[in-house]
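In: Give the three-dimensional model of this entry:
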Amino acid sequence: MTVIELHDAYIMQDVNTVLQKVTFALEKGEFAYLVGRTGSGKSSLLKTLYADLPLPAGTGSVVGFALPRSGSSSKVPYLRRKLGIIFQDFQLLFDRSVADNMLFVLNATGWTGKARKQQRISEVLMRVGLASVAGKMPHQLSGGEQQRVVIARALLNEPLLLLADEPTGNLDPDVADSIMQLFVEINNAGTAVLMATHNYQIIQQYPRRVLKCEQGHLIDSAVSPFELS
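Out: Numbers count the residues shown, from 1 in each chain. Sure, this is the predicted structure:
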């Protein structure tokens, strides 16, 4: 199964085209990095893939849903239920506990049954090694623990695809490595991962396919091998 498929896609930021004629596919269970200088289009590409930005030209589908050409589509909530989205700045709700952060997502995506929701929260926290933090507030956790909570939140709906925007960007090297090992475990269990990163040390340590945003184009290491720089 193909979880991302873009063909001659144009990626916009405001009124500017940041990437043009983007063509690539990501298969179920595949792992790829997305690299490029600041402003090269990485975040805009990720936002297009989770339908926060429209796709003005070309064609694209993510987890079986066509990407919208305009800013709104009734299918966007269904698309996002099959995605896990991980942000560099966590975007946790700091006025509520870890469990209530999870509950917010489950309620928003249509889960029912109190016991079922509590069980799912316990499952994902255990999976990221944080079984004991459900009752804590986000500010009581370290940066690495907060990022693990964000990953757990992204796993709630058993996504086919994780989109991660600089998930190790604010973490020290040892913590970043433990987070990377968690991504590898999740990927080995069958979830596809597309991870934007500036951390070339991680890419060298965990080599995978690399997609590079450069001068308005996307270069794919699977098609045209290149040196990271």
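In: can you map out the strands along this structure?
Out: Ranges of strands in the chain, per DSSP state E, are 2-13, 16-27, 31-35, 59-62, 65-66, 83-86, 161-165, 192-196, 209-214, 217-220.
In: For this protein, which residue occupies the most central location?
Out: Nearest to the geometric centre of the chain sits Leu163, at 1.7 Å (C-alpha atoms, centre = their mean).
In: before we move on, back to that, mind checking which of the strands of the chain is nearest Val149?
Out: If you check each of the strands of the chain against Val149 by C-beta to C-beta, strand 83-86 wins as the nearest, at 10.6 Å. For the C-beta atoms, the positions are set from N, CA and C on the backbone; glycine is no exception.
In: could you dump that closest one to CSV, C-alpha only?
Out: Output of strand 83-86 as CSV, limited to C-alpha atoms (Å, rounded to 0.1, in the frame of the first residue of the first chain):
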residue,chain,number,x,y,z
LEU,A,83,-2.1,10.2,10.5
GLY,A,84,0.1,10.8,13.5
ILE,A,85,1.5,14.4,13.4
ILE,A,86,4.5,15.2,15.7
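In: Let's see the pLDDT reported for the residue lying closest to Tyr10 once chain neighbours are set aside.
Out: Spatial nearest neighbour of Tyr10, excluding adjacent residues (C-beta to C-beta, 6 or more residues apart in numbering): Ala57 at 4.2 Å. Ala57 is assigned a predicted lDDT (pLDDT) of 93.
In: how far away is Glu145 from Val175?
Out: Look at Glu145 and Val175: by C-beta to C-beta, to the nearest Å, they are 9 Å apart.
In: wait, what's in contact with Ser142?
Out: Contact partners of Ser142, counting by C-beta atoms under 8 Å, 6 or more residues apart in numbering, are Val175.
In: picking that back up, which one, of the strands of the chain, ends up nearest to Leu45?
Out: Using C-beta to C-beta, those put strand 2-13 closest to Leu45, at 5.2 Å.
In: tell me the mean pLDDT for that closest one?
Out: Rounded mean pLDDT across strand 2-13 is 96.
In: what do you get for stretch 213-225?
Out: 92.
In: List the buried residues of it.
Out: Cys213, Leu218, Ile219, Asp220, Ser221 (16 or more other C-beta atoms under 10 Å).
In: how about these in TSV, adding distance to Lys117?
Out: Shown next, in TSV, are the buried residues of stretch 213-225 (distance: C-beta to C-beta, whole Å):
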residue	distance to Lys117
Cys213	38
Leu218	39
Ile219	43
Asp220	40
Ser221	41
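In: between the residues you listed, which is closest to Asp8?
Out: Using C-beta to C-beta, Leu218 comes nearest to Asp8 of the buried residues of stretch 213-225, at 11.3 Å.
In: For Val35, see how far away that closest one is.
Out: Per C-beta to C-beta, Leu218 is found 10 Å from Val35.
In: quick one: common contacting residues for these two?
Out: Leu211, Lys212.
In: Rebuild the strands of the chain as a markdown table, extending it with distance to Val149.
Out: A markdown table is the format used below for the strands of the chain (distance: least, C-beta to C-beta, whole Å):
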| stretch | distance to Val149 |
| --- | --- |
| strand 2-13 | 24 |
| strand 16-27 | 26 |
| strand 31-35 | 22 |
| strand 59-62 | 24 |
| strand 65-66 | 27 |
| strand 83-86 | 11 |
| strand 161-165 | 14 |
| strand 192-196 | 18 |
| strand 209-214 | 27 |
| strand 217-220 | 31 |
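In: Please consider this matter closed, and thank you.
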